[in-house]
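*Asks:* Structure, please.
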Amino acid sequence: MRHVIRRILFYICAVWVAITLDFFIPRLAPGDPVAAIVGKMSLKGYVSPEMKQTLAATFGLDTHDPLWIQYFKYLGNLFHGNLGNSIQYFPTPVAQIIGQDIWWSIMLGGVAVILGFIIGCFLGIIVAWKRGSAVDAVLSPAMNFLSAIPYFWLALLSLYLFSYLLNWFPLSGGYDSANIDPGWTFDFISSVIQHAFLPALTLVVASLAGWMLTMRNSMITTLSEDYVLMAKAKGLSDRRVMFWYAARNAVLPNITGFAIAIGAIVGGQLLTEMVFSYPGIGYALLQAVNQQDYAMLQSIFLIITLAVLGANFLADMLYVFLDPRVRQERSA
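*Replies:* You can find the predicted model right below:
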């Protein structure tokens, strides 16, 4: 219990540091966001000093107040869910745009990470149990080769082959926006699945090598442990020894990687969303960079950081639950 409290306090401090850095970095970075906005607007006509001040206040970029006052205003807005207004989609609030985009990233990345983790770990267990066999001789080199292929090249090849040449899947988008209205209808859901299938499949294939090879190496080490040998000596079935005794502990190194992958779901799919023109936080981040949308950038960076911290906290708690040795060490 004391360990859990310590970890909770640690992550509360980490969240505070992340929020503070998210506030200070844009303000201490070189350049003036207001000047960039005014520069774009001046192309269409004269921008008065009063209008500049109004723009700065509207976008939360008013630098006339002392930094500590800006900081507390920022915290107050943050706790009320006010992330400011988007520059590129003005006057739409940033929270509304992120709220629309984040579910696309969660759906695509969540399905891909979970499937990749389950399939990769299962293959790693089988290959390690049958090490030296034909299965090991084929899968291990194949996965090593697959891990060497750059992801963006694999995504482009998949898009060219299956969408452009064979026309099996759509070339871009999250659904057929020209012919289907969003809603809980069969047409919309089937269109979403059709558009997400190829990006998700590419993500799963790209991640299989890492999950399988890590699981294989950990499993081989675990199989030589005394408790596994004891379980075999007791005459337990191979399936029980393989999954309940060996795999349960061998999967622990992959748990940390799984937590990081879960945290990266929110913003770690930039290449996927770029190649497939798929809506999501990664694509929104790219657009915010191109349009110098400082409010959007600041909010997306904060959400990505909080997602990674939350995922690591869950992994930390899960690690204690899965490994009795950790519980004993931390309760001592």
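*Asks:* where do the helices sit along the stretch 201-332 of the chain?
*Replies:* 226-233, 238-240, 248-250, 252-263, 270-275, 281-291, 294-322, 324-331 (DSSP state H, counting those that start in this stretch).
*Asks:* buried residues in the first one?
*Replies:* Think helix 226-233. For helix 226-233, burial by neighbour count (16 or more other CB atoms under 10 Å) applies to 228, 231. All C-beta spots, glycine's among them, are computed from the backbone N, C-alpha and C.
*Asks:* Tell me which stretches of this protein form strands.
*Replies:* Applying DSSP state E to the chain gives no strands.
*Asks:* mind giving me the domain split of it?
*Replies:* 2-79, 95-331 (automatic domain parsing).
*Asks:* Setting aside sequence neighbours, what's the nearest residue to Ile8?
*Replies:* Phe313 (7.9 Å; CB to CB, 6 or more residues apart in numbering).
*Asks:* Let me see the confidence value for the one you found.
*Replies:* For Phe313, the model assigns a pLDDT of 82.
*Asks:* Same question for Pro279.
*Replies:* 85.
*Asks:* In contact with it, which residues?
*Replies:* Applying CB atoms under 8 Å, 6 or more residues apart in numbering to Pro279 gives the contacts 101, 104, 173-174, 273.
*Asks:* buried subset of those?
*Replies:* The neighbour count (16+ other CB under 10 Å) marks 101, 104, 174, 273 as buried among those.
*Asks:* thinking again about what came up before, what's the most distant pair in the contacts of Pro279?
*Replies:* With distances taken as CB to CB, the most widely separated pair in these is Asp101 and Gly173, at 13.3 Å.
*Asks:* related to what we said a few turns ago, can you tell which of the helices of the stretch 201-332 of the chain is closest to Leu157?
*Replies:* helix 270-275 (10.1 Å).
*Asks:* From the chain's centre, how far out is the closest one? Work that out for me.
*Replies:* 13 Å (CA atoms, centre = their mean, to the nearest Å).
*Asks:* list the helices and strands it packs on?
*Replies:* Packing partners of helix 270-275 (3 or more CB pairs under 8 Å, 6 or more residues apart in numbering; DSSP states H and E): helix 151-158, helix 186-223, helix 281-291.
*Asks:* May I see those organised as CSV, with distance to Gly81 and mean neighbour count added?
*Replies:* Below are the helices and strands packed on helix 270-275 laid out as CSV (distance: least, CB to CB, whole Å; neighbours: other CB atoms under 10 Å):
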stretch, distance to Gly81, mean neighbour count
helix 151-158, 34, 15
helix 186-223, 27, 19
helix 281-291, 17, 20
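*Asks:* These into JSON lines, with extra columns for distance to Ile69?
*Replies:* As requested, the helices and strands packed on helix 270-275 are arranged in JSON lines below (distance: least, CB to CB, whole Å):
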{"stretch": "helix 151-158", "distance to Ile69": "44"}
{"stretch": "helix 186-223", "distance to Ile69": "44"}
{"stretch": "helix 281-291", "distance to Ile69": "26"}
